[in-house]
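J.: Structure for the following, please:
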Amino acid sequence: MSGSRVPPPPPPAKEFWDDLEWADAHMDEISAAYPDQWVAIVDRRVVASGPVLADVESRAMALT
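T.: Numbers count the residues shown, from 1 in each chain. Sure, this is the predicted structure:
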């Protein structure tokens, strides 16, 4: 199929960038509260955490 191209994914939503900015501003607090853990942040708060990324993702999806 020459010439056919897969379109790029859409850019992340504004909420993603807001949460990323919040996480960056609070990284010291997050790191102290959740040492050596993955965290999921939604609406500027940690909604799930743990040592296994897949588990954190699953819990976050179930809660949000």
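J.: got a list of what the residue most central in space within the chain touches?
T.: Central residue of the chain (CA atoms, centre = their mean): Ala40, 4.9 Å from the mean position. Shown in contact with Ala40 (CB atoms under 8 Å, 6 or more residues apart in numbering): Val46, Val47, Ala48, Ser49, Val56, Glu57, Arg59, Ala60. C-beta here means a position set from N, CA and C on the backbone, and glycine is covered the same way.
J.: Over to Trp38?
T.: Trp38 neighbours (CB under 8 Å, 6+ apart): Ser49, Gly50, Pro51, Val52, Leu53, Val56.
J.: and Ala48, how many neighbours?
T.: Using other CB atoms under 10 Å, Ala48 has 21 other residues around it.
J.: how close does it get to Asp19?
T.: 13 Å (CB to CB, to the nearest Å).
J.: What segments of the protein are helices?
T.: Secondary structure of the chain, counting by DSSP state H: helices at 14-25, 27-33, 53-63.
J.: Mind putting the ones you listed into JSON lines with distance to Pro8 and mean neighbour count?
T.: Converted to JSON lines, the helices of the chain look like this (distance: least, CB to CB, whole Å; neighbours: other CB atoms under 10 Å):
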{"stretch": "helix 14-25", "distance to Pro8": "16", "mean neighbour count": "12"}
{"stretch": "helix 27-33", "distance to Pro8": "29", "mean neighbour count": "11"}
{"stretch": "helix 53-63", "distance to Pro8": "23", "mean neighbour count": "13"}
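J.: how about JSON lines for these, with mean pLDDT added?
T.: Listed next are these as JSON lines, based on pLDDT from 0 to 100:
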{"stretch": "helix 14-25", "mean pLDDT": "96"}
{"stretch": "helix 27-33", "mean pLDDT": "98"}
{"stretch": "helix 53-63", "mean pLDDT": "96"}
